[in-house]
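Student: this is a predicted model, with the sequence first.
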Amino acid sequence: MRLAPLVEPSPELRGDELARTARQRRLPELGEIGQRRLAASRVAVLGAGGLGAPALQYLAAAGVGTIGIIDADAVEPSNLHRQVIHGIDDVGARKTASAARSLRRLAPGVTVVEHDERLDGANAERILGGYDLVLDGADNFPTRYAVADACTSLGLPLVWGSVLRFDAQLTVFWSTPPAPAEGVTLRDVFPEPPPEGSVPSCAEAGVLGALCGVVGSMMATEAIKLITGIGDVLLGRLLVVEALTMRVSEVPLRAADHAARDHVAGASAPSAACSTSQTASPAPEEDRAAPQARLAPLDFDPVRDSHGRLIDVREPDEYAVDALPGASSLPLSELLQLEREPDVLRARLLGLEAGHASTSDAPFNLYCVSAARARRAALLLAPHGFDVRVVQTPQLQVLRASSGTLGADASQTGARA
């Protein structure tokens with residue numbers, strides 16, 4: 001839906017800005033008036049991470065006059081494959097400072113406001129109140145709902161993106177858009193956050209860095225359209241991106257009074273962003289294929305299954321840090337590679353079986369962090385005749401407590417995108 005421009009144009013552009021934005025101003029839909037609207041705009045970006053990084057860069061490059069960066073974290077090495085606004089020399093630096101330096105190099109005329117604090121329900125309206133619109137690339141559900149509620153209260157448009165693994169979602173929420181548009185908010189689509197631990201983080205499930213670049217750029221595009229009043233914005237539409245098949249589809253969104261009657265089919269639980277949406281997206285491939293033929297694997301029972309073999313399906317570097325005593329390593333990534341070679345897969349599993357002093361009917365007890373990878377591995381192994389169990393998070397915590405292994409990655413279940 002095309003909406004009126006969000007921002008009034010600024011005075012005349014300076015010579016250096018005219019030169020820097022010359023190719024963009026050639027677009028007749030945007031022109032110099034649109035460029036002046038961008039120069040007068042104030043945009044807040046929540047998170048200088050996987051989604052925020054490309055969004056920040058393209059907003060500054062496009063000529064947005066004032067950009068607020070909201071992030072309370074420092075740059076870590078594991079960020080760099082997707083958070084392209086930071087470099088290896090920035091590791092250990094505050095993300096707001098690192099991102100601000102990059103933006104000023106890219107567009108010296110931009111005003112960058114650094115909010116090096118964690119946004120929550122208590123401070124959200126204070127932080128966001130002076131901006132024209134907000135981009136949400138947060139990495140956890142409490143922050144996502146705090147910013148969404150603040151934007152609803154302040155009447156600000158919210159460009160919302162979410163990425164997890166190879167899937168992404170993107171939309172625009174706005175409680176009070178100009179007529180005749182109908183408002184839609186995050187709580188219209190996802191009334192409450194999902195139960196804790198039910199959606200894996202990027203640290204647990206992984207994320208494709210290039211997809212973060214795609215979605216972050218789309219978020220910047222939606223912001224530019226809102227500011228300048230060009231094109232049809234994603235208000236009332238949820239864009240779903242499946243990178244492995246490169247399919248892009250849309251799901252219509254309506255306000256809660258309509259949504260109660262017309263269920264939003266196709267919109268699954270949001271992911272925390274990774275960005276980290278709070279993303280997440282369509283069901284994994286193994287769940288979409290012939291669901292009627294796949295029985296849900298049994299959960300691990302500490303009494304019934306204690307004689308089984310513990311299998312750690314995380315990556316080898318994770319296994320090396322805090323594997324449970326006696327557990328064998330069988331990464332999910334290896335299982336996925338071996339899925340096309342059933343004989344080799346079976347030999348690999350039989351090798352684990354032979355190296356374990358237990359009865360022949362002992363199950364494989366699969367664990368990771370949040371049980372997401374363990375469940376996927378169980379669905380892959382069960383059709384090959386192996387008896388598998390999924391160790392859920394509460395049972396894993398009990399096993400760790402009894403063995404004295406704290407779980408170094410347990411604190412990363414809300415890891416940054």
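Tutor: On my side now, so go ahead.

Student: isn't His115 right up against Arg126?
Tutor: No - His115 is beyond contact range of Arg126, at 10.0 Å (criterion: C-beta atoms under 8 Å). (Glycine included, C-beta is placed from N, CA and C.)

Student: which one of the two has more residues nearby?
Tutor: Taking neighbours as other C-beta atoms under 10 Å, His115 and Arg126 compare with His115 leading, 18 against 10.

Student: partner residues bridging the more buried one?
Tutor: Ile70 (DSSP bridges).

Student: contact partners for it?
Tutor: Ala44, Gly68, Ile69, Ile70, Asp71, Thr96, Ile127 (C-beta atoms under 8 Å, 6 or more residues apart in numbering).

Student: distance of the closest residue to Ser333 other than its chain neighbours from Leu335?
Tutor: Spatial nearest neighbour of Ser333, excluding adjacent residues (C-beta to C-beta, 6 or more residues apart in numbering): Glu315 at 6.6 Å. In this view, Glu315 and Leu335 are 12 Å apart by C-beta to C-beta, to the nearest Å.

Student: of those two, who's got more company?
Tutor: Leu335 (20 against 16).

Student: surely that one is in a helix?
Tutor: Yes - counting by DSSP: H, G, I helix; E, B strand; the rest coil, Leu335 is located in a helix.

Student: was I right to think it contacts Leu381?
Tutor: Yes - between Leu335 and Leu381 there is a contact at 7.2 Å, judged by C-beta under 8 Å.

Student: identify the contacts common to these two.
Tutor: Counting by C-beta under 8 Å, 6+ apart, nothing touches both Leu335 and Leu381.

Student: which parts of stretch 241-250 are buried?
Tutor: Under the neighbour-count criterion of 16 or more other C-beta atoms under 10 Å, stretch 241-250 has Val241, Glu242, Ala243 buried.

Student: so for that stretch, mean pLDDT?
Tutor: Stretch 241-250 shows a mean pLDDT of 95.

Student: likewise stretch 205-220?
Tutor: In the prediction, stretch 205-220 has an average pLDDT of 95.

Student: what comes up buried for it?
Tutor: 205-209, 211-216, 218-220.

Student: from the residues you listed, which is closest to Gln392?
Tutor: Ala205 (16.0 Å; C-beta to C-beta).

Student: who is the nearest residue to that closest one once chain neighbours are set aside paired with across the strands?
Tutor: The shortest distance from Ala205 to any non-neighbouring residue, by C-beta to C-beta, 6+ apart, is to Arg165 (5.3 Å). As for beta bridges, Arg165 partners with Val207 under DSSP bridges.

Student: local confidence estimate at Arg165?
Tutor: For Arg165, the predicted pLDDT is 91.

Student: look at it and say how many residues are nearby.
Tutor: 21.

Student: do the one 10 residues further on as well
Tutor: The criterion is other C-beta under 10 Å. On that basis, Ser175 has 21 neighbouring residues.

Student: show the backbone phi and psi for the closest residue in space to it that isn't next to it in sequence.
Tutor: Distance criterion C-beta to C-beta, 6+ apart; nearest residue to Ser175, sequence neighbours excluded, is Thr152 at 4.3 Å. Main-chain torsions, Thr152, degrees, to the nearest 10: phi -60, psi -40.

Student: Thr152 contacts Pro177, doesn't it?
Tutor: No - look at Thr152 against Pro177 with C-beta under 8 Å: they stay out of range, at 11.9 Å.

Student: gap between Trp174 and Thr152?
Tutor: 9 Å.

Student: common neighbours of the two, please.
Tutor: With C-beta under 8 Å, 6+ apart as the test, Trp174 and Thr152 both reach Thr185.

Student: of these two, which one has the most company?
Tutor: The neighbour count for Trp174 versus Thr152, taken as other C-beta under 10 Å, is higher for Trp174 (24 against 19).

Student: lowest-confidence helix or strand of the chain?
Tutor: helix 285-288 (a mean of 36; mean pLDDT, DSSP states H and E).

Student: list the strands paired with the helix or strand that that helix is followed by, with their directions.
Tutor: Helices and strands here follow DSSP states H and E; after helix 285-288, the next one along the chain is strand 298-299. Using DSSP bridges, the strands paired with strand 298-299 in its sheet are strand 388-390 (parallel).

Student: so for the partner strand, mean pLDDT?
Tutor: 94.

Student: quick one, strands of the stretch 151-300 of the chain?
Tutor: 158-164, 167-173, 237-242, 247-252, 298-299 (DSSP state E, counting those that start in this stretch).

Student: shaky segments in the chain?
Tutor: Applying pLDDT under 70 to the chain picks out residues 257-295, 354-360, 406-417.

Student: quick one on the thing from earlier: most neighbours, which of the contacts of His115?
Tutor: Ile70 (30 neighbours).

Student: most tightly surrounded among the strands of the stretch 151-300 of the chain?
Tutor: Highest mean neighbour count among the strands of the stretch 151-300 of the chain (mean count of other C-beta atoms under 10 Å): strand 158-164, with a mean of 31.
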